[in-house]
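*Asks:* The following comprises the amino acid sequence and a computationally predicted model.
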Amino acid sequence: MNEFYKTKFFRRFLPFIILVVGGSFFIQEFAKLRYKYRKVQSVDLKTEAKKRGIQVEKSRTLEEEYEKIKKVDINNWENVRIPRPWEEPSSTSK
């Protein structure tokens, strides 16, 4: 039995496992306190904006936005080149 206490398992692995498992239970108590005494309030952004006088647009659905994009003509467009920072603005215009 005395040789069992001198093995690598007993001297290195077992204390490590006890530390990891015991530490997780120890930290769990602090995590409970963290969420128990949290000072966060839920806020409705729309009502808060109305209180401050900010106009909030009506929520749009994906279908409404799709219909808006369908109306845009994507076949007729013109490529407009903008001047690069090292170029003069007049040299790029045609």
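*Replies:* That came in fine, so what should we check first?
*Asks:* Mind picking out the helix or strand in the protein with the poorest mean pLDDT?
*Replies:* helix 89-92 (a mean of 63; mean pLDDT, DSSP states H and E).
*Asks:* what separates Gln41 from Glu48, distance-wise?
*Replies:* Gln41 sits 11 Å away from Glu48 when distances are taken as CB to CB, to the nearest Å. C-beta: built from backbone N, CA, C; applies to glycine.
*Asks:* Comparing these two, which shows the higher neighbour count?
*Replies:* For Gln41 and Glu48, the more surrounded residue by other CB atoms under 10 Å is Glu48, and the numbers stand at 11 against 5.
*Asks:* what about the more buried one, helix or strand, and which?
*Replies:* In this assignment (DSSP states H and E), Glu48 forms part of helix 45-51.
*Asks:* same check, this time on Asn76
*Replies:* Per DSSP H and E: nothing holds Asn76, as it lies in no helix or strand.
*Asks:* repeat for Phe25
*Replies:* Remark: Phe25 resides in helix 14-36, with elements defined by DSSP H and E.
*Asks:* Quick one: mean pLDDT for that helix?
*Replies:* Averaging the model's pLDDT scores along helix 14-36 yields 89.
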